[in-house]
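Enquirer: compute the structure for the input listed below.
(chains A and B)
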Amino acid sequence: SQELEQSPQSLIVQEGKNLTINCTSSKTLYGLYWYKQKYGEGLIFLMMLQKGGEEKSHEKITAKLDEKKQQSSLHITASQPSHAGIYLCGADDSGGYQKVTFGTGTKLQVIP
Amino acid sequence: NAGVMQNPRHLVRRRGQEARLRCSPMKGHSHVYWYRQLPEEGLKFMVYLQKENIIDESGMPKERFSAEFPKEGPSILRIQQVVRGDSAAYFCASSPPEGVGGYTFGSGTRLTVV
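Expert: Just a heads-up that it's a prediction; the model follows:
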């Protein structure tokens, strides 16, 4: 099955700074999802990427999927305390349905 | 338009008791997925269900755990004879029949076994 590695595992940044979180797969990704989890809460869907080279943005968050579809990055511009949380990448397991395997997560703290 | 509803939000059980976790998918969603998040660990897939069918239970422990999604009513994750190691957050997600567009997650049920 799919194995996803996220880096870094945790990140502390000053408010206003940019940051990047990476997600690397052991296999070709059929669909790549980014979610955010606030501590102690459920997951919020951020973005889905399917095509090699695809890039999507929402507010100050941009996600990219590389051409080989084995690596994705999530970039936050001008970080704010509201960006704090755990960011999880998830991948389609290619079983013909939407079973998603998740990465280990990246804990982000933003210091005011 | 209610999202994925899970209840209870918090559940405390003594060792050996049964835990029942409920999940009502979003309106129009017929696929349900259960995940478990152990403390300081990532989300682990447990089971994928459609109405009255278990499609993939490859992540379910072999014993004590079962799941169902009846024709009427919510999906139920049942844990019999709970042990301390079952303490975790259990999340349910749902997706539409066409299976595109990402899951919608519930807020989770936090199970504590004492």
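
Enquirer: hey, what's B:Ala19 bridged with?
Expert: Counting by DSSP bridges, B:Ala19 is bridged to B:Ile79.

Enquirer: pretty sure it sits against B:Pro8.
Expert: No. If you go by Cβ atoms under 8 Å, B:Ala19 and B:Pro8 don't touch, sitting 9.8 Å apart. From N, CA and C alone the C-beta is placed, and that goes for glycine too.

Enquirer: looking at these two, which is more packed in?
Expert: B:Ala19 (22 against 13; other Cβ atoms under 10 Å in any protein chain shown).

Enquirer: give me the pLDDT value at the more buried one.
Expert: As summarised for this prediction, B:Ala19 has a pLDDT of 98.

Enquirer: show me the contacts for it.
Expert: B:Ala19 makes contact with B:11, B:13, B:78-79, B:82, B:86, B:111, B:113 under the criterion Cβ atoms under 8 Å, 6 or more residues apart in numbering or on different chains.

Enquirer: do B:Met46 as well
Expert: By Cβ under 8 Å, 6+ apart, B:Met46 lies in contact with B:33-36, B:57, B:59-60, B:65, B:67, B:77.

Enquirer: swap the cut-off to 7 Å and go again
Expert: Contact analysis of B:Met46 by Cβ atoms under 7 Å, 6 or more residues apart in numbering or on different chains lists B:34-36, B:59-60.

Enquirer: which of these scores worst on pLDDT?
Expert: B:Gly59 (92).

Enquirer: what's the distance between that one and chain A?
Expert: 9 Å (Cβ to the nearest Cβ, to the nearest Å).

Enquirer: torsion angles phi and psi at that residue?
Expert: phi -100, psi 0 (degrees, to the nearest 10).

Enquirer: now do it against B:Pro96, distance only.
Expert: 22 Å (Cβ to Cβ, to the nearest Å).

Enquirer: B:Gly3 too?
Expert: 13 Å.

Enquirer: residues of chain B that sit close to chain A?
Expert: By Cβ under 7 Å from any Cβ of the partner chain, the residues of chain B that approach chain A are B:31, B:33, B:42-43, B:45, B:48, B:55-56, B:91, B:95, B:99, B:101-108.

Enquirer: how close does the residue nearest in space to the middle of chain B sit to chain A?
Expert: The centre of chain B sits closest to B:Trp34, judged by Cα atoms, centre = their mean, with a distance of 3.7 Å. Per Cβ to the nearest Cβ, B:Trp34 is found 11 Å from chain A.

Enquirer: and for B:Ala2?
Expert: 14 Å.
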